[in-house]
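Q: following is a predicted model, sequence given first.
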Amino acid sequence: MLDSVLLLLAFGCLTGLTTVLFGFGGGFVTVPVVYGVVSASSGPDADPMHVAVATSTAVMIVNAAGATTAQLRTGRLRREYVWPLAVYIAVGAVLGAVGALLLGERAQHVLFSVYLVWTILDSVLRRGFLSRDQNREPRRLGRGTVTAGGLAIGSVASSLG
């Protein structure tokens, strides 16, 4: 029991570090670790993938609330850009949570693995992640991008952690 608590504490710190350094990564650490701990310490009726994703989602909600509050205080958050997107993310999160309940553990496991590989490749291959054009002014997203993007962000985040 103490081993599991210490392991979760250590990886919780790693989750916080990767989130602060890279802006993402908490779920990449949280989901596999919680999945492993729940699998090792629970009986055959346990649902470790759903527990891991739910734990990661809870961590994400706390981190997002903290980051949003910090950005609001510094004046860097443009409400007119964020507000419509936030609504669609919330709707997508509800849809994703319902979808996660309908997915079997194996399907969720495979989808998480695909998501992990996709995100790593995107981070390495897409120019905007590793370098940024300092002279480029942020622009408003189109209505379709806000709607589809928000629904996708919310549903993936809540169903895969």
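A: Good, I have the coordinates. Numbering: from 1, shown residues only.

Q: who touches stretch 63-71?
A: With CB atoms under 8 Å, 6 or more residues apart in numbering as the test, stretch 63-71 has contacts from 19, 26, 77. No exception for glycine: its C-beta is placed from N, CA and C like everyone else's.

Q: in which helix or strand would I find the first one?
A: Which is residue 19. Taking DSSP states H and E as the definition, residue 19 sits inside helix 2-22.

Q: for the next helix or strand after that helix, which positions count as buried?
A: Following helix 2-22 in sequence order, the next helix or strand is helix 26-41 (DSSP H and E). Judged by neighbour count using 16 or more other CB atoms under 10 Å, the buried positions of helix 26-41 are 26, 27, 28, 29, 30, 31, 32, 33, 34, 35, 37, 38.

Q: dump the contacts of stretch 63-71 into a markdown table; add pLDDT and distance to residue 43 as well.
A: What follows is the contacts of stretch 63-71, written out as a markdown table (pLDDT from 0 to 100; distance: CB to CB, whole Å):
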| residue | pLDDT | distance to residue 43 |
| --- | --- | --- |
| 19 | 73 | 32 |
| 26 | 71 | 28 |
| 77 | 82 | 45 |
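
Q: with distance to residue 52 added, can I get these in JSON lines?
A: Shown next, in JSON lines, are the contacts of stretch 63-71 (distance: CB to CB, whole Å):
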{"residue": "19", "distance to residue 52": "17"}
{"residue": "26", "distance to residue 52": "12"}
{"residue": "77", "distance to residue 52": "30"}
